[in-house]
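Enquirer: Sequence first, then the predicted structure:
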Amino acid sequence: MADQNPTPSKQFVFTPEQQELRRAVRAFCAENSDEATVRRLMESESPFDPKAWVRLGSELGVLGLGVPEDLGGSGGGIVDAAIVAEELGAALFCGPVVGTLALSIPALVAAPDTQARTETLSRLVAGVRIAAFAAPDRAGRLAVEAVTVRATGSGNAWTVSGTIERVVDASTADDLLVAAAGPDGVSLFVVDATGPGVQRTALSTLDPTRPQATVRFADAAARLLAGPAQTPRICRHAMDTGAVLLAAAQVGGAQHLLDLSISYAKQRRQFGRPIGSFQAVKHRLADMLVDQEHARSAAYYGAWTLQDGTDDPALTASIAQATCSAAFTRIAADTVQVHGGIGFTWEHQVHLYFKRAFTDAVLLGSAEEHRARIAELVLDTAAGDFDVPIATGQLLVNR
C-alpha cells in the first residue's frame, strides 16, 4: 500500500506498481483460467497445469512475493502476495495456491537457514516444484496434540511414520512439509512426496479445484527444517499468512460473484422489466456489496499487519478469515438466489464458486473457530485489564 501510516484524513491506496501487478495477474488468469480450462483441469488426473504454474514463478515472479531477494524471492510484501491471491481466487485458478503459496513458502521463509530450506524454497519460488503443508491446525494454530506423525533419528538422518488426513494439494505435491513428533517435541521436516515410504490417497471433495489427500508415511526419509523450539513459531507465521492469503482469495471469488449477480440482474427481465429494478433484489445486492467491502478491508488490513508489524498478526489474521469466510459463503448463496433456476445448474459457473466458498470456509479454521480465538485474544485481555469477569465466546466481527 502506498500509505503505511494512515491518519483519519488519509486512505489506503494501491501503488502504481501494485496496480500493474494486478493487471498482469488478471491477464494471466484470462489466458490460463477461463471457465473451460477450470472445468477441464478439475476433472483431470492432475488438477492443475504445471506449465502455467512455472509461468507464475519464473515469468511473472509472483510466487516469490513476500520472499526476501537474498532468499531467491521477488521481494515485495504480503500485500503484493494478497493481490495475487485475490486475482487467482477471482478466476477460480486451479493450482496449489493454498499448499505452496499460502502455507509452505511462508513457513520456509520463517525457518532457520539450512541447506534443506534453501533448496526447497528456491524450487518452490521458481515454480518448478510444488508443496503441501502437512500439519494439523486448530483455528489457524499448530495443534500439537493432534500430530499423528512420528519422527525418529538425529542430525541429518531422520525418518517419519504415520498418517495425516485431508492435506490440501498433497495429491500432486513434490515436497511435503510435515510436522512430526520426535523425542524432544514436534519438529518440522521436508519429505519428498514421490520417495519411498510415502503413499498418497486422493480424496473425493466438495470442491475439485481444491484437491486433498490422505498421506501415509512408512519410515520415509525426511530432512529436518526446524526443531521443537522453532516449529511453533514457524507454523504460527505460516498459518497466519495462509489465513490472510486465503482471505484475499475469498475476496476475489466473492467479487466475481457480485459482478455476475449485478450483470444478471440488469439483463434478466420479469414482468417486462429487469429484475434488478425490484426492491428485494436491490436490497440483496446491496447487502452483498456491504459484505464484500467489509471482507476486502479485513483481508488487506491483515496483509498490511503481517507485512509491517502494525498490529497483532494473530488477531488480524483471525479477523480476516472469520470475516471473509462468512462473506464469501453468504455472497455465494445469495448469487444462487439472484440467478434463480440457472444458479442451481451444473452448466452455470455459479456452482463452482459456491463449492469453492464452502470448502475454503473450513480450510484453516471455520469462522466460528476464529471468532472464538478473537474472543480469547481480545476479551480475555480486557478481563485482565479491568478485573471484571467476561465470558469468552464468539465475537462477531462481521456485520
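Expert: Thanks, I have it.

Enquirer: Just the buried positions in stretch 107-116, please.
Expert: Neighbour-count burial for stretch 107-116 flags 107-111, 116 (criterion: 16 or more other Cβ atoms under 10 Å). C-beta here means a position set from N, CA and C on the backbone, and glycine is covered the same way.

Enquirer: Show me what that stretch is in contact with.
Expert: Stretch 107-116 has contacts (Cβ atoms under 8 Å, 6 or more residues apart in numbering) with 66-68, 71, 73, 117, 120-121, 124, 133, 177, 188, 190, 223-226, 230, 233-235, 237-238.

Enquirer: Only alpha carbons, please: show that stretch as PDB.
Expert: Coordinates of each C-alpha in stretch 107-116 appear next as PDB, following Å, rounded to 0.1, in the frame of the first residue of the first chain:
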ATOM      1  CA  ALA A 107       6.900 -21.500   6.500                       C
ATOM      2  CA  LEU A 108      10.200 -21.800   4.700                       C
ATOM      3  CA  VAL A 109      10.800 -18.100   4.900                       C
ATOM      4  CA  ALA A 110      10.400 -18.300   8.600                       C
ATOM      5  CA  ALA A 111      12.600 -21.400   9.000                       C
ATOM      6  CA  PRO A 112      16.300 -21.400  10.000                       C
ATOM      7  CA  ASP A 113      18.900 -21.100   7.300                       C
ATOM      8  CA  THR A 114      19.700 -24.700   6.300                       C
ATOM      9  CA  GLN A 115      20.500 -26.400   3.000                       C
ATOM     10  CA  ALA A 116      17.200 -28.200   3.100                       C
END
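
Enquirer: Pull the distance from it to the chain's centre.
Expert: Put simply, stretch 107-116 sits 20 Å off its chain's centre (Cα atoms, centre = their mean, to the nearest Å).

Enquirer: quick revisit: which of the contacts of stretch 107-116 count as buried?
Expert: Buried members of the contacts of stretch 107-116, counted by 16+ other Cβ under 10 Å: 66-67, 71, 73, 117, 120-121, 124, 133, 177, 188, 190, 223-226, 234-235, 237-238.

Enquirer: Among the residues you listed, which lie within strands?
Expert: If you go by DSSP state E, the buried ones among the contacts of stretch 107-116 have 133, 177, 188, 190, 223-226 in strands.

Enquirer: Can you lay out these as CSV showing pLDDT?
Expert: Listed next are those as CSV, based on pLDDT from 0 to 100:
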residue, pLDDT
Phe133, 97
Leu177, 98
Leu188, 97
Val190, 98
Arg223, 97
Leu224, 96
Leu225, 97
Ala226, 96
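
Enquirer: with the residues you listed in mind, which one is nearest to Arg268?
Expert: For these, the minimum distance to Arg268 (Cβ to Cβ) is 42.4 Å, reached by Phe133.

Enquirer: Does that closest one touch Ile105 like I think?
Expert: No. Using Cβ atoms under 8 Å, Phe133 and Ile105 do not qualify as a contacting pair, with a distance of 9.7 Å.

Enquirer: And the protein, what are its domain boundaries?
Expert: Domain ranges of the chain: 16-130, 132-230, 233-386, per automatic domain parsing.

Enquirer: all strands of the stretch 101-250 of the chain, in order?
Expert: Taking DSSP state E, counting those that start in this stretch, the strands of the stretch 101-250 of the chain run over residues 131-134, 150-154, 157-168, 175-182, 185-192, 198-202, 212-226.

Enquirer: Can you name every helix or strand that the longest one contacts?
Expert: Packed against strand 212-226 by the contact rule (3 or more Cβ pairs under 8 Å, 6 or more residues apart in numbering; DSSP states H and E) you find helix 115-126, strand 157-168, strand 175-182, strand 185-192, strand 198-202.

Enquirer: quick one: buried residues of that strand?
Expert: For strand 212-226, the neighbour count (16+ other Cβ under 10 Å) marks 212-217, 220-226 as buried.

Enquirer: Redo those as CSV? Include distance to Thr100.
Expert: Listed next are these as CSV, based on distance: Cβ to Cβ, whole Å:
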residue, distance to Thr100
Gln212, 14
Ala213, 15
Thr214, 19
Val215, 16
Arg216, 21
Phe217, 20
Ala220, 20
Ala221, 21
Ala222, 19
Arg223, 18
Leu224, 21
Leu225, 15
Ala226, 18
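
Enquirer: And those residues, which two are furthest apart?
Expert: Gln212 and Leu224 (25.9 Å).

Enquirer: what ranges do the helices span in the chain?
Expert: Per DSSP state H, the chain carries helices over the ranges 16-32, 35-42, 50-54, 78-90, 105-110, 115-126, 231-267, 279-308, 313-339, 350-360, 367-386.
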